[in-house]
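> quick one: sequence and predicted model below, then my questions.
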Amino acid sequence: YQGVETVRSLTSLAILTGNLGKPSVGVNPVRGQNNVQGACDMGALPDTYPGYQYVKFPENREKFAKAWGVESLPAHTGYRISELPHRAAHGEVRAAYIMGEDPLQTDAELSAVRKAFDDLELVIVQDIFMTKT
């Protein structure tokens, strides 16, 4: 399955036929893993809150702090999964909560991820199936 190439081809076709940027037309690819789109929509990215509202903007931090009933939220973003091995090796990350993902099966640098998980004090995996992670 060549998902990336398929989406690029469909997008090119939509552009060539004038079917992009108009009401009721466009390309809406569905992501391949356990509701990646929904998780990202809900703020499961290290630099956004729900609705793709960026952490770097003070007005977004203020809005979510108020909604969540806290005084303030940090201005720095979280870490990307690709940073985990380095951050764990340097003691900057002590735990990981993995939900609907199998990094010990899918990551490009499996040995680095395995070492990172071994360095963590706590690893919790929540999934509907047993995984290598």
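Arrived safely.

> three-state assignment of the most centrally placed residue in the chain?
Centroid-nearest residue in the chain, with Cα atoms, centre = their mean: residue 45, separated by 4.2 Å. Of the three states, residue 45 takes coil according to DSSP: H, G, I helix; E, B strand; the rest coil.

> quick one, grab the pLDDT at the residue sitting furthest away from the middle of the chain.
Taking Cα atoms, centre = their mean, the residue of the chain most remote from its mean C-alpha position is residue 17, at 32.1 Å. In this model, residue 17 is scored at 90, pLDDT.

> also residue 84?
At residue 84, pLDDT is 84.

> was I right about residue 109 contacting residue 83?
No. Here residue 109 does not reach residue 83: they are 11.7 Å apart, not a contact under Cβ atoms under 8 Å. Using the backbone N, CA and C atoms, a C-beta is placed for each residue, glycine as well.

> okay then, goodbye and thanks.
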